[in-house]
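# I'll drop the sequence and a predicted model, then ask my questions.
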Number of protein chains: 4
Amino acid sequence: MLARHPQAELAVITSRGESGRRVSEIFPSLRNVCELTYALPDSNSFSGCDVVFSATPNGIAMTMARELMSAGIRFIDLAADFRIKDVAVWEHWYGMEHACPELLDDAVYGLPEVNREAIRTARLVANPGCYPTAITLGWLPLLKAGLVDVGDLIADAKSGVSGAGRGANVRTLLTETADSFKAYGLTGHRHHPEIEQTLLQLSGKSPGLVFTPHLAPMIRGIHATLYAKLVTEHATDLQALYEEAYADEPFVDVMPAGSLPETRSVRGSNICQIAVYRNERRVIVLSVLDNLVKGAAGQAVQNFNLMFAYDEKTGLEIVPLAP
Amino acid sequence: MLARHPQAELAVITSRGESGRRVSEIFPSLRNVCELTYALPDSNSFSGCDVVFSATPNGIAMTMARELMSAGIRFIDLAADFRIKDVAVWEHWYGMEHACPELLDDAVYGLPEVNREAIRTARLVANPGCYPTAITLGWLPLLKAGLVDVGDLIADAKSGVSGAGRGANVRTLLTETADSFKAYGLTGHRHHPEIEQTLLQLSGKSPGLVFTPHLAPMIRGIHATLYAKLVTEHATDLQALYEEAYADEPFVDVMPAGSLPETRSVRGSNICQIAVYRNERRVIVLSVLDNLVKGAAGQAVQNFNLMFAYDEKTGLEIVPLAP
Amino acid sequence: MLARHPQAELAVITSRGESGRRVSEIFPSLRNVCELTYALPDSNSFSGCDVVFSATPNGIAMTMARELMSAGIRFIDLAADFRIKDVAVWEHWYGMEHACPELLDDAVYGLPEVNREAIRTARLVANPGCYPTAITLGWLPLLKAGLVDVGDLIADAKSGVSGAGRGANVRTLLTETADSFKAYGLTGHRHHPEIEQTLLQLSGKSPGLVFTPHLAPMIRGIHATLYAKLVTEHATDLQALYEEAYADEPFVDVMPAGSLPETRSVRGSNICQIAVYRNERRVIVLSVLDNLVKGAAGQAVQNFNLMFAYDEKTGLEIVPLAP
Amino acid sequence: MLARHPQAELAVITSRGESGRRVSEIFPSLRNVCELTYALPDSNSFSGCDVVFSATPNGIAMTMARELMSAGIRFIDLAADFRIKDVAVWEHWYGMEHACPELLDDAVYGLPEVNREAIRTARLVANPGCYPTAITLGWLPLLKAGLVDVGDLIADAKSGVSGAGRGANVRTLLTETADSFKAYGLTGHRHHPEIEQTLLQLSGKSPGLVFTPHLAPMIRGIHATLYAKLVTEHATDLQALYEEAYADEPFVDVMPAGSLPETRSVRGSNICQIAVYRNERRVIVLSVLDNLVKGAAGQAVQNFNLMFAYDEKTGLEIVPLAP
């Protein structure tokens, strides 16, 4: 995305494992798109850069952040190092000591639909997780309007296998995941506190969330099925509520009443498609996005656009690839 | 399954569309397994048979049942014609008049784990739907023990595409369903009243069920994720409850605490694998089965075994095909 | 592609089956991309248009072509009606009488790498089939250089299921095609004469082609594995031959020696990636493309660019979607 | 398969990596099927056994064979250690020194359709590779009849991802292989010399084979498309030739003329389905099997049945799982 972004110039890309190899050798889909060669990261790697995007495993970015901040380089972290404001909570879920807790206050949680203004001036953006993006966007209008019981929320979410990353792992082999379906994280998933943090921010109430992630036999896509209880008897027009809430959002598409969002309809794009239903027991929201785009890289570029005062859609007007 | 069942002799198979063609010509996987030729159905098709398995679209079996009953032929219907006891409810959901409502009282809902004794002597068995089997088996021990709020149940279920049948349909083409995920039936699914009927039978209480089916990009398999609220503060050992409830069931496998059932682990078999979790807000049950076996044909054979006093496992000791 | 093409204005889209419905209702991936409504086709549908793209079943375009030509509207047919120059051959393979054989001489076979100059001025372009594009581009440098025995060519080609179109068809259901692989067309495929026609054009010799298409369990992509015998003992550097032959081609990417092209690396793009190998018995060429893009719609847009003197890459600089 | 084999008693299963864990913990599909626990292999692991099946990486079995032979334990190696008679060839392709070349003469290549009698009395069986099984069975009748040019054979073969084993590997992740297709091994595949060895045995002539393996986005299955030139002008009835050649073979199914074998039709079974076509240029044979069954474990059980004088089909009458 950055390679084709009209306002971005890719200066350097680093990797310990792949240094010396061309990006397009490892990813032939990028032949003639990105002809950079991976460099070994060192302390001068990013001198002269305006911004660094970090897409490392959790725990790496926090060791680099202080130095980049000092050098006046803005920083977008796609991992989880700066997503949780409460250090103790972070250290509990991620199982390590935080390397620069003093930067957490500065870090802005990079969900534009929630924190747009803060992102514009942020030096350090914590790009949200894929599940938190799908789930938060799905409930945002209800929470802001105070219409649902924040203490009784259920998020049943399904993700494609790319959510697990590109590491060698028996559990994500095609032979282990294709033509099958399973839940995971039943005893706790790291995105749980991240979601609850934003639910609290939006509702002002301590949330009670049940979150069940599942692995679906597909490459990309998240489908969140969200169950909430209305706390009002009023005949609120939820369809109108959602359409108004997102009327000015370039990347949230409230579908017509009765729609059934499919992950393939947003494949490769930065769009989150949402449909809202109501029956006598629950409001059910269906929220889909591409976990690698609006759930990761695309959202990072959206944040970059905000941080550098470009049109928020620059480089992101990608037509979804369907079928 | 019947072709290899040691106690069954396949006498005749009928089809209007395929009459005159060999079964193994259409399904080459059955070469040397079943060498019958499809016959045109007529009034004498099944004379001499002890039992007829009907796997037609909804609304066909009910036009044949009276005649078969009169001829003393027992009948296992894999469609929905005899699943709902309340004719009005059935006619509402299936959009047609019932052809033989007088037989509904005789029909036994063919879920052996619930109705085993009645199935043994049934003349007419209504083989359950795939979702109802996965969901009912998932909640059965909790309902019998009266531990959960029957008025607040959520079933988030995911099915492979074979659940939609083998008819020509744009919506189930590989190009429309592969590498994608979607919900459907948000405004009502025919399995809803079927599930509620059994929930009522098991709990004695009027159920309040939210049921959301989804289409997963795989051939076979149902994964039901079930959310229920405990109505007791007691520290009931749910793992023990489930293990005891199903201790004698040949086809329900309560997995060890902490397990994550996968649909592939029961692929091709008649087994339903179940795991139970409890957190501060909900009991979460994961229930998986093969929708074409325990959710359809295998369960029909299980019922057949019961009806004819064979060992319930006869012909069903199939090792799941994984990977 | 046309909706986002900076030089194209989509004036009208017609469909008998879907008239009155919005394109984006049927294809939600096009929400906010294309907001046209399908119109019923009639004789005035295209008045005022400069060009019509026809993507109908075979046999329809030829009934419209004469009228469009008369009205001075240029025409790009994505079906097969104008691909074969020899009417008798066309009528044999397509099983119908040709409706306007007098236009065949005017029609230009729209493979830019072969017929670029003729396409620029063409009134009627016959957009090539997906297999012929992959196969012809794979062999083109060898044929032009006269290096292989044109009488002994084998093309073993594999296609994703989208090659079969979007019609309701049992044979292309996910349940019938996923997790399986098969050959088809062993007694003759309509792309055979189309390929041979171009092989003859390129080599000047009567070709002898064995062509075996296969159905692979994926949505998009063609992989052609091409076997040819060298007719020379000379140590021609085939890698250099290919690189030179395609040096100026914007959409043919000769990969470095030793590469293994994957269909996913060109998914969604108009690129054909090619690798060439030589062993003691055969030259083996691997040629991959996206059957819906370089094998259909993308190539049509490339032809449109040529016909209207736009930069050939306009609207086609799509980064492949991988993974 | 062995767990359900009526003549086999599973005495011990060993693994360094998984010792102490139950087989059914790692493979929940085997719950209630196999309740063994992995043992650490040591010198006494197999004392008391009649036969050992070895399914280790290449190079391990050869270090155990001498000891097992001495102890009078028969040995079926599913890896490649004993498949190639020529030590130098083996060492070239497998890149290591052979640990017990003196046993190679004793080893019988375990393809029952070729070596049935020798297998009956073998002490050491080298179970064939998956590609060699599909390809050899596909050409066997032609080679025995001397009808084709053995010096000009092309095997274009496609395999599911399980052929690569269950090791952690980026290249076989679902995200890297699903919805894509690629060739590999263009500069040489270890099954090449194994195939040629059998081609020589069957034809008596030095073979010239082009063999191109491909990776198809599916779990199981091999589809070999085989091209050979007839050396006779006689109007041999190839369909009859194949039917006769395999008339008594329990696991080779020659399909009716005009059939298109699909890998799913043999999924999970020990069957190889074959169709034969002839056009003016080539005989084209389509040969499909399940790489994990007839291409590995099932064939090993078939060899076991022969070695111990059980009915060859014992434990192998598995109905393919389709869809």
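Structure's in. What do you need? Residues are numbered from 1 along each chain as shown, chains lettered A, B, ... in the order given.
# where's the nearest residue to A:P141 once chain neighbours are set aside relative to A:L153, distance?
In space, A:P141 comes closest to A:A245 once its chain neighbours are excluded; the distance is 3.7 Å by C-beta to C-beta, 6 or more residues apart in numbering or on different chains. For glycine as for every other residue, the C-beta is placed from the backbone atoms N, C-alpha and C. According to C-beta to C-beta, to the nearest Å, A:A245 and A:L153 sit 18 Å apart.
# quick one on the thing from earlier: list the contacts of the residue nearest to A:P141.
For A:A245, the contacting residues are A:140-141, A:144, A:254, by C-beta atoms under 8 Å, 6 or more residues apart in numbering or on different chains.
# where in the stretch 201-323 of chain A is pLDDT low?
Across the stretch 201-323 of chain A, no stretch falls below the confidence threshold (pLDDT under 70).
# the residue nearest to A:P141 and chain B: what is the separation?
Note on A:A245: its distance to chain B, by C-beta to the nearest C-beta, to the nearest Å, is 20 Å.
# chain C contacts on chain A?
On the criterion C-beta under 8 Å from any C-beta of the partner chain, chain C has as its neighbours in chain A the residues A:1, A:3-4, A:27-33, A:162, A:178-179, A:219-220, A:253, A:255, A:259, A:261-262, A:264-269, A:273, A:317, A:319-323.
# one step back: between the contacts of A:A245, which is nearest chain C?
Distances from the contacts of A:A245 to chain C were compared by C-beta to the nearest C-beta; the smallest belongs to A:V254, at 10.2 Å.
# how about the closest one, what does it touch?
Shown here is A:V254, whose contacts under the criterion C-beta under 8 Å, 6+ apart are A:239, A:242-243, A:245-246, A:274-276.
# for it, grab phi and psi.
Its backbone dihedrals place A:V254 at phi -80, psi 120, with angles given as degrees, to the nearest 10.
# and A:D77, what are its bridge partners?
According to DSSP bridges, the residues that bridge with A:D77 are A:S54, A:A126.
# right, and it touches A:L124 too?
Yes: with contact defined as C-beta atoms under 8 Å, A:D77 counts as touching A:L124 (7.3 Å).
# following the top helix by length along chain A, which helix or strand shows up next?
Assignment by DSSP state H gives helix A:130-144 as the longest helix of chain A. Towards the C-terminus, the helix or strand next in line after helix A:130-144, according to DSSP states H and E, is strand A:148-159.
# so which bits of that next one are buried?
Within strand A:148-159, the residues scored as buried using 16 or more other C-beta atoms under 10 Å in any protein chain shown are A:148, A:150, A:152-159.
# quick one: it near chain D?
No: among the residues of strand A:148-159, none lie within reach of chain D under C-beta under 8 Å from any C-beta; the closest is 11.6 Å away.
# average pLDDT for the very next helix or strand once past that strand?
From strand A:148-159 onward toward the C-terminus, using DSSP H and E, the following helix or strand is helix A:174-177. When the per-residue pLDDT values of helix A:174-177 are averaged, the result is 97.
# please apply the same query to stretch A:108-120.
The average pLDDT within stretch A:108-120 is 98.
# circling back to that earlier point, filter the contacts of A:A245 down to the buried ones, PyMOL style.
This is how PyMOL selects the buried members of these, with burial counted by 16+ other C-beta under 10 Å:
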select buried, chain A and resi 140+141+254
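# hang on, the earlier thing: between A:D77 and A:L124, which contacts overlap?
Common contact partners of A:D77 and A:L124 (C-beta under 8 Å, 6+ apart): A:65, A:107.
# the more surrounded of these two?
Ranked by neighbour count (other C-beta atoms under 10 Å in any protein chain shown), A:D77 and A:L124 place A:D77 first, with 26 against 22.
# ok, that one to chain C distance?
Counting by C-beta to the nearest C-beta, the separation of A:D77 from chain C is 22 Å.
# look up phi and psi at A:A88.
With angles defined as degrees, to the nearest 10, A:A88 sits at phi -60, psi -40.
# need the pLDDT of it.
The per-residue pLDDT reported for A:A88 equals 97.
# the closest residue to A:V170 other than its chain neighbours: neighbour count?
With C-beta to C-beta, 6+ apart as the measure, D:A168 is the residue that lies nearest to A:V170, at 5.0 Å, once sequence neighbours are left out. By the criterion of other C-beta under 10 Å, D:A168 has 13 neighbours.
# and what of the one 4 residues further on?
By other C-beta under 10 Å, 23 other residues sit near D:T172.
# roughly how far does it sit from B:I318?
According to C-beta to C-beta, D:T172 stands 28 Å off from B:I318.
# please apply the same query to A:D105.
The separation that A:D105 has from B:I318, given C-beta to C-beta, amounts to 59 Å.
# so between those two, which is more surrounded?
B:I318 (24 against 8).
# list the contacts of that one.
Listed by C-beta under 8 Å, 6+ apart, the contact partners of B:I318 are B:268-270, B:293, B:298.
# and those residues, which are buried?
B:268-270, B:293, B:298.
# now render these as JSON lines, adding secondary structure and distance to chain A.
Compiled in JSON lines, those are given as follows (DSSP: H, G, I helix; E, B strand; the rest coil; distance: C-beta to the nearest C-beta, whole Å):
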{"residue": "B:G268", "secondary structure": "coil", "distance to chain A": "11"}
{"residue": "B:S269", "secondary structure": "coil", "distance to chain A": "14"}
{"residue": "B:N270", "secondary structure": "coil", "distance to chain A": "18"}
{"residue": "B:V293", "secondary structure": "coil", "distance to chain A": "15"}
{"residue": "B:G298", "secondary structure": "helix", "distance to chain A": "18"}
